[in-house]
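Chemist: turn this into a structure:
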Amino acid sequence: MPTDAEQACFEAGIKFGSLYHQFAGTPVSTASARSLERAMEEAIENQPHCASVSVDILDDRVDAAIDHENGYTELTGSLMEVEMRIEYRERVVRTRMEMDEGYPLMKLVAVE
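Modeler: Sure thing, here's the model as predicted:
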């Protein structure tokens, strides 16, 4: 049987996988970034054991990624910062997404 800490880490992985793969590729512009952030946060917070999610889509990176006249780009990990707090029984897991050599990696920050 997994420990509570292991289960909390598993839950964090599920939430990150869901967030990233559900929203990667979504059209985004600086005009739509705030509403997309809220939609992502609310969607993931619906899942069990998710205490909080913070999504920050970085306007400067979005603007730099727009390379055509339509005024939007596709959401990728390099355009956002994400943090989550997962609570499973008495355990709290804190995570965040970071870029590592151009690839978005989900990092375990703390297990309390």
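Chemist: rest of the way, CA atoms for contacts and neighbours
Modeler: Will do.
Chemist: any idea how far the residue nearest the centre of the chain lies from residue 29?
Modeler: For the chain, the residue nearest the mean C-alpha position is residue 82 (4.1 Å; CA atoms, centre = their mean). Note on residue 82: its distance to residue 29, by CA to CA, to the nearest Å, is 18 Å.
Chemist: now do residue 10
Modeler: When distances are taken as CA to CA, residue 10 and residue 29 turn out to be 32 Å apart.
Chemist: those two: which is more packed in?
Modeler: Under the criterion of other CA atoms under 10 Å, the comparison of residue 10 against residue 29 puts residue 29 first, with 21 against 14.
Chemist: which ones are touching residue 85?
Modeler: With contacts taken as CA atoms under 8 Å, 6 or more residues apart in numbering, residue 85 has the following neighbours: 12, 50-53, 92-95.
Chemist: any idea what it is bridged to?
Modeler: In this entry, residue 85 is beta-bridged to residue 52, residue 94, by DSSP bridges.
Chemist: go on, residue 103?
Modeler: Beta-bridge partners recorded for residue 103 (DSSP bridges): residue 100.
Chemist: neighbours of it, how many?
Modeler: Other residues near residue 103 come to 12 when the count uses other CA under 10 Å.
Chemist: what ranges does the protein have for its strands?
Modeler: 27-28, 50-57, 73-74, 80-88, 91-100, 103-111 (DSSP state E).
Chemist: columns mean pLDDT and distance to residue 37 on top of those strands, output as TSV?
Modeler: Putting these into TSV (pLDDT from 0 to 100; distance: least, CA to CA, whole Å) gives the following:
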stretch	mean pLDDT	distance to residue 37
strand 27-28	98	10
strand 50-57	98	5
strand 73-74	97	14
strand 80-88	97	9
strand 91-100	95	14
strand 103-111	94	17
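Chemist: highest mean neighbour count out of those?
Modeler: Ranked by mean neighbour count under mean count of other CA atoms under 10 Å, the strands of the chain are led by strand 80-88, which reaches a mean of 21.
Chemist: so what's the gap between that one and the chain middle?
Modeler: Averaging C-alpha coordinates over strand 80-88 and over its chain gives two centres that are 7 Å apart (CA atoms, centre = their mean, to the nearest Å).
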